[in-house]
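Engineer: Fold the following, please.
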Amino acid sequence: MKTLSDSEADRLFDKYWDEMGQEWFKLEVLQDYSAEDDSLSLRSWYRGDKQKSIEQIKASEYREWIESCQKKLEQGVKLIRLHVVNKPYSPYIKWELEHYRYVNVPKCGEQVYLVDKADISVLELPHGDVMIFDRTRAVVNAYNPQGLVISQTFYDESDDISQLLELVKKLKKLAQPLHDFS
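Structural biologist: Sure thing, here's the model as predicted:
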């Protein structure tokens, strides 16, 4: 396990991503990532112009992420994203659900699931996001109160990530596909 600076973290994340051959799983736990996602679309959403925001989502080019996801899909890798959400939804979550519908699912090929935090109150969630690569490596993000990543902790094959894998297993049983969630 090691916590890295931004540039070192980017390199190791890319290594984990490139070497992944079966499954990428991302658990998202925050209700607001606006410090990370300060996009024109999100600003339009916050101003109340939802139609313009959706048009901007559709027109935005996430080329690098989309191409990277499509390459992994061609290699047979499953891309799974699960977001723990609070009801009522925050304005950010409402925007992000649209992003999932217009980018993550159709363009990136991600399988997106949601689970209501009220339904998992007995589970202990991490304070930041978790990404698991082929069930052998993991990255845990820590965030400041505004939703900006402040550190990333990497776990490789020599580290015990069994607690994370057990949490994922429990969450997957309770999660619903995006299109089934209201």
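Engineer: Give me the secondary structure label for residue 113.
Structural biologist: Per DSSP: H, G, I helix; E, B strand; the rest coil, the local secondary structure of residue 113 is strand.
Engineer: before we move on, what about residue 153?
Structural biologist: strand.
Engineer: Measure how buried it is and give me the count.
Structural biologist: 17 (other C-beta atoms under 10 Å). C-betas here are computed from N, CA, C, even on glycine.
Engineer: Okay, helices next: where are they in this structure?
Structural biologist: 6-19, 40-46, 50-59, 63-74, 91-99, 162-174 (DSSP state H).
Engineer: and the first one, what does it pack onto?
Structural biologist: Read that as helix 6-19. On a contact count with 3 or more C-beta pairs under 8 Å, 6 or more residues apart in numbering; DSSP states H and E, helix 6-19 meets strand 130-133, strand 137-143, strand 149-155.
Engineer: again with the last one
Structural biologist: Secondary-structure packing of helix 162-174 (3+ C-beta pairs under 8 Å, 6+ apart): strand 23-28, strand 78-85, strand 111-116, strand 130-133.
Engineer: Can you tell me which of the helices and strands packed on helix 6-19 is packed in deepest?
Structural biologist: Stretch with highest mean neighbour count among the helices and strands packed on helix 6-19: strand 130-133 (a mean of 23; mean count of other C-beta atoms under 10 Å).
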